[in-house]
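1. Provide a 3D model corresponding to the input given below.
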Amino acid sequence: MKPVLIKPFLVGAALAACLSSAAAAEPVHYVVQQRWDLGPATRWDYLALDTQRNRLFVTRGDRVQVLDAASGKPVGEIPNTAGVHGVAFAQDLKLGFTSNGRANSITVFDLDTLQVKGDWKVAGTNPDAILYAPATRKLYTFNGKSQDVSVFDAASGKPIATIAVGGKPEFAATDGKRVYVNVEDKNEIVAIDAETDHVLAHWPLAGCDEPSGLALDSAHARLFSVCGNRAMMVTDSASGKVVAHISIGDHPDAAYYDPGTATVFSSNGAGTLSVVRQLDADRYAPAVEVPTAKGARTMAFDPASGRVYLPTVVDKTFTMVVVGP
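-> Coordinates of the predicted model:
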C-alpha cells in the first residue's frame, strides 16, 4: 500500500479511508505452492492448525495425523478416534479435543506431547463440528444425527447442557458472547447465548441451500455461510440480517475469514478455492477461483504465512494441497 499524506483539510476523508482500509488494500493473489503425499487414501473431514506449535491436525477416519505445518512431515498421531470429524484447541488449558462421530465421544489430548488424556462420552449422536470458546472455557460438539449441541466444561469434562437446534448442525463460530451454527437442512443460522446456553434466534438464510462452512469477522460483526448452491451469504451477527450474497465455486464445505488481508475463503469440492476480497462490512469483490484439486472441500488457514491447506485424494494417494500468496 502506498503511504498517504494527511493534510488538515483532508482529515475527514482520511478517517473514512481508514475505516474502509480493506477497500484500499492491494488484493493478494494465490497459487498452489506444494502438494504433500500423505500415504494411502482414507476418509477425512475437518483439519485444524495449532498456530502456537505450527502443527497441522488432519482427521483420517480412525485417527488424527499431526504434521509440521511448514514441511508436511509427520510429527505424531492421535489414535482411536472412530469416525473423527473435527479438532479444537484450548490453548489456555494446553488441551486438544477431537469429535468422534462413530464413537459418540471426545478424545482429549495434551497439545505439547500429543498424549491422550481422556475420553468423554457425548450424549448426542454423531458429534461433527467441535468448538472451544475461550471466554467461557466451554467446549461444544454439534451433533448431526441428534440435531443438538453438547456443552462441556473444557477443564473438567463435566457436561453442562444439551441444546436442541431443530436441524442438522454444521460448522460453528463464536465471538465470546454468542455461538453461531449453520443448520444445514433448515437453511438457517442458530444463535446461542454463550453464558446461558439458550437459543436466542433462528435466522433464515434466504437464497442459501444447505449451509455448511461458517466463518466470522468479529470486528465488523459479519458471518459468512457457504452454501450448496454456489453462494456465500454474509449476515450481520447482531441482527441476523443478510447483507450480501456472493457467487462462489461448486460444492463448498469450509470457510475462513482472514482479518489481516480482509479476505474470505471457501474451499470447494469441485476443485477450486474461492477467494473473496472484503471492501467493507457490506461490500465484497467478485470471487477469484484458484484451481486446487477435485475433492479438496475442507481447509485450514495459517495467518502467519497466508497458506491454505486443503486435503483430498489424488491418484489414490491422500494429498495435501498447499495454496499460498
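2. all contacts plus neighbour counts: C-alpha atoms, from now on.
-> Will do.
3. just how off-centre is stretch 72-89 within its chain?
-> Centre-to-centre, stretch 72-89 and its host chain are 16 Å apart (Cα atoms, centre = their mean, to the nearest Å).
4. Can you name the residues in contact with it?
-> 36, 44-48, 50, 57, 59-68, 95-103, 107, 109, 111, 114-116, 127-132 (Cα atoms under 8 Å, 6 or more residues apart in numbering).
5. and what of stretch 277-291?
-> 20-24, 27, 30-32, 220, 222, 234, 243-244, 246-249, 262-264, 271-276.
6. How about stretch 150-158?
-> By Cα under 8 Å, 6+ apart, stretch 150-158 touches 90, 93, 120, 122-124, 132, 137-143, 159-163.
7. how about a cut-off of 10 Å?
-> 90, 92-97, 106, 108, 118-125, 127, 130-134, 136-143, 159-164, 197 (Cα atoms under 10 Å, 6 or more residues apart in numbering).
8. of these, buried ones?
-> 90, 95-97, 106, 108, 119-120, 122-125, 127, 130-134, 138-143, 159, 161-164, 197 (16 or more other Cα atoms under 10 Å).
9. low-confidence ranges in the stretch 151-300 of the chain?
-> Scanning the stretch 151-300 of the chain for pLDDT under 70 picks out nothing.
10. how about G72, secondary structure?
-> Classification of G72 using DSSP: H, G, I helix; E, B strand; the rest coil returns coil.
11. circling back to that earlier point, of the buried ones among the contacts of stretch 150-158, which belong to strands?
-> 90, 95-97, 106, 108, 119-120, 127, 130-133, 138-143, 159, 161-164 (DSSP state E).
12. can you list the domains in this structure?
-> The record's domain parsing of the chain by automatic domain parsing lists 27-41+212-325, 45-204.
13. next helix or strand past whichever strand or helix holds V275?
-> Using DSSP states H and E, V275 falls within strand 272-280. As assigned by DSSP H and E, the chain's next helix or strand after strand 272-280 is strand 283-284.
14. Just give the nearest non-adjacent residue to L139, would you?
-> Spatial nearest neighbour of L139, excluding adjacent residues (Cα to Cα, 6 or more residues apart in numbering): Y132 at 4.6 Å.
15. E26 contacts T263, correct?
-> No. Using Cα atoms under 10 Å, E26 is not in contact with T263; the gap is 11.2 Å.
16. between these two, which one's more packed in?
-> The residue with more neighbours, out of E26 and T263, is T263; 20 against 12, by other Cα atoms under 10 Å.
17. ok, what's across the strand from that one?
-> Applying DSSP bridges to T263 gives these bridge partners: D258, R277.
18. Would you mind measuring from it to S146?
-> From T263 across to S146, the span is 34 Å (Cα to Cα, to the nearest Å).
19. before we move on, what about N229?
-> In this view, N229 and S146 are 25 Å apart by Cα to Cα.
20. E210 too?
-> Counting by Cα to Cα - E210 and S146 are separated by 18 Å.
21. Which one's more surrounded, these two?
-> Between E210 and S146, counted using other Cα under 10 Å, E210 has the larger neighbour count: 23 against 18.
22. my guess is that one is in a helix, correct?
-> No. E210: not assigned to a helix; according to three-state DSSP it is coil.
23. Now do the same contact list for it.
-> 168, 170, 182-188, 225-229, 252-253.
24. With respect to L214, which of the residues you listed is nearest?
-> L214 lies nearest to S225 out of the contacts of E210, by Cα to Cα, at 4.7 Å.
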